[in-house]
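Undergrad: A structural model of the following input is requested.
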Amino acid sequence: MAVITKEAELKASPEQVWAKLTDLDSYGDWLSIHTGFPDGAPQELTEGSTFRQGIQIMGMPGEASWTVKEIEPNSSLVLEGMGPMGVTLRNAYKLEAAGDGTKITCETEFGGAAVAAMEAPLATASEQALTTSLEKLRGLLA
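TA: Residues are numbered from 1 along each chain as shown. This is a model prediction of the structure:
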């Protein structure tokens with residue numbers, strides 16, 4: 001299983017970052033792999049909520065089915081899911097107050113037999129996508 005972790009300092013309070021992180025309608029503004037919600041974005045995220053998300057990585061479109069595994073307002077959000085061809089997925093976001101802003105730690109994991117042969121290029125593309133997403137999020141919260 002590949003694990004990619006990125007951190008960023010944002011000039012916004014944990015509450016402001018949380019509001020953007022949990023506003024799924026805003027994902028198109030900052031989450032670089034996001035292409036849409038086939039069933040519409042859920043109005044509220046609670047532990048156990050599920051939703052489908054269109055994604056694109058390395059130019060390949062796909063769909064992920066997510067379940068909210070953990071949600072701690074202004075602190076952490078953990079999503080687990082399945083992607084195309086049985087790929088297992090996990091996205092975890094952790095927020096910590098840092099001076100006048102927030103430190104966000106994002107961890108993305110993926111695995112499964114379908115990605116074994118392409119794990120290295122997928123990890124590189126995922127790391128680039130995560131870096132781009134955090135920069136876009138930083139811009140929205142500036």
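
Undergrad: can you point out the buried residues in the top strand by length along the chain?
TA: Across the chain, the longest stretch assigned as strand under DSSP state E is strand 60-72. By neighbour count, with 16 or more other CB atoms under 10 Å as the criterion, the buried positions of strand 60-72 are E63, A64, W66, V68, I71. To be clear about C-beta, it is placed using only N, CA and C from the backbone, and glycine gets the same treatment.

Undergrad: for the second one, list the residues it contacts.
TA: By CB atoms under 8 Å, 6 or more residues apart in numbering, the contact list for A64 reads R52, Q53, I55, G81, M82, G83, L89.

Undergrad: any idea what it is bridged to?
TA: Q53 (DSSP bridges).

Undergrad: what does the last one give?
TA: In this entry, I71 is beta-bridged to L77, by DSSP bridges.

Undergrad: roughly how far does it sit from L77?
TA: Counting by CB to CB, to the nearest Å, the gap between I71 and L77 amounts to 6 Å.

Undergrad: anything in contact with each of those two?
TA: Common contacts of I71 and L77 (CB under 8 Å, 6+ apart): L45.

Undergrad: just want the most central residue of this protein.
TA: In the chain, the C-alpha closest to the average C-alpha coordinate belongs to N91, at a distance of 5.1 Å (CA atoms, centre = their mean).

Undergrad: now that residue, what's its secondary structure?
TA: Going by DSSP: H, G, I helix; E, B strand; the rest coil, the secondary structure assigned to N91 is strand.

Undergrad: got the contact list for it?
TA: Taking CB under 8 Å, 6+ apart, we find N91 in contact with W66, L77, V78, L79, C106, E107, T108, E109.
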